[in-house]
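K.L.:
Sharing a sequence plus its predicted fold:
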Amino acid sequence: MASTGLQLLGLLLAMLGWVTGALVCAAPLWRVSAFVGGELVIAQVLWEGLWMNCLSQTTGHIQCKTYDSTLALPGSIQAARSLAVLSLLLCLLAVVLGVAGAKCTHCLGDGNRAAKPRLVRISGGLFLLAGLLYLIPICWTAYAIVKDFYNPDIAAPLKRELGPALYLGWGSSLLLLVGGALLHVGSSPPGAIALPSFGRSKDNPQPAAGEGKPQEKAYV
């Protein structure tokens, strides 16, 4: 049977992951200037994200600027943008389906009880897909940062470190995956469990042993 508690918990976790993912997508903290060698004190720190970069100075002044041209960006950033936006759109569709099909809501009316668990399972699957799609640009960006950091051919000022947005992105993907799994598990269709045999015997009682004997004698 469908579990209202699992559905609500999964929907809340998935929505939290969706909101966190939207903030991570907009935050310019995916890449941060690295402190390499003797450069322990610098006057400026560069933050880079999917949509803008920011320059933070030791005086506390922060200046942000969006990228001038989308086509001039590297292919990795363009792919990360596409996957992140696609993941957020899938989350939006999943939220609508999850709220409409939740057992505690009456969006579809009481006459569509059979379709509600199916909608919740679809919502859980969309959240799982969105979590995987969001995990790809996060892991790919982290891999590229670590690879460039240990590459001796890249100059020290051009090296970057993992920004705090990447760690939040991993947490957001985990929330989406866990929330989608809970939605799928907690929306088993009603009637999937077989009814016990003694419940049916009350509706169709078998004739008693003494009642069948007179009929047999009559035919004889």
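P.N.:
Perfect, thanks for sending it. Numbers count the residues shown, from 1 in each chain.
K.L.:
my read: residue 159 touches residue 31, true?
P.N.:
No: using C-beta atoms under 8 Å, residue 159 is not in contact with residue 31; the gap is 9.7 Å. The C-beta positions use only the backbone N, C-alpha and C, and glycine is treated the same way.
K.L.:
More neighbours: which of the two?
P.N.:
Between residue 159 and residue 31, counting by other C-beta atoms under 10 Å, residue 31 is the more crowded of the two (23 against 17).
K.L.:
What residues does that one make contact with?
P.N.:
Neighbouring residues of residue 31 by C-beta atoms under 8 Å, 6 or more residues apart in numbering: 46, 47, 48, 49, 141, 145, 160, 161, 162, 163.
K.L.:
try residue 86
P.N.:
Residue 86 makes contact with residue 133 under the criterion C-beta under 8 Å, 6+ apart.
K.L.:
Distance check, it against residue 105.
P.N.:
As judged by C-beta to C-beta, to the nearest Å, residue 86 and residue 105 stand 27 Å apart.
K.L.:
likewise residue 75?
P.N.:
From residue 75 to residue 105 the distance is 43 Å (C-beta to C-beta).
K.L.:
These two: which is more packed in?
P.N.:
A side-by-side neighbour count of residue 75 and residue 105, using other C-beta under 10 Å, places residue 105 first with 12 against 7.
K.L.:
Mind naming the longest helix for this protein?
P.N.:
Using DSSP state H, we find that the single longest helix of the chain is helix 115-149.
K.L.:
Give the buried residues for that helix.
P.N.:
For helix 115-149, the neighbour count (16 or more other C-beta atoms under 10 Å) marks 116-117, 119-131, 133-135, 137-138, 141-142, 145 as buried.
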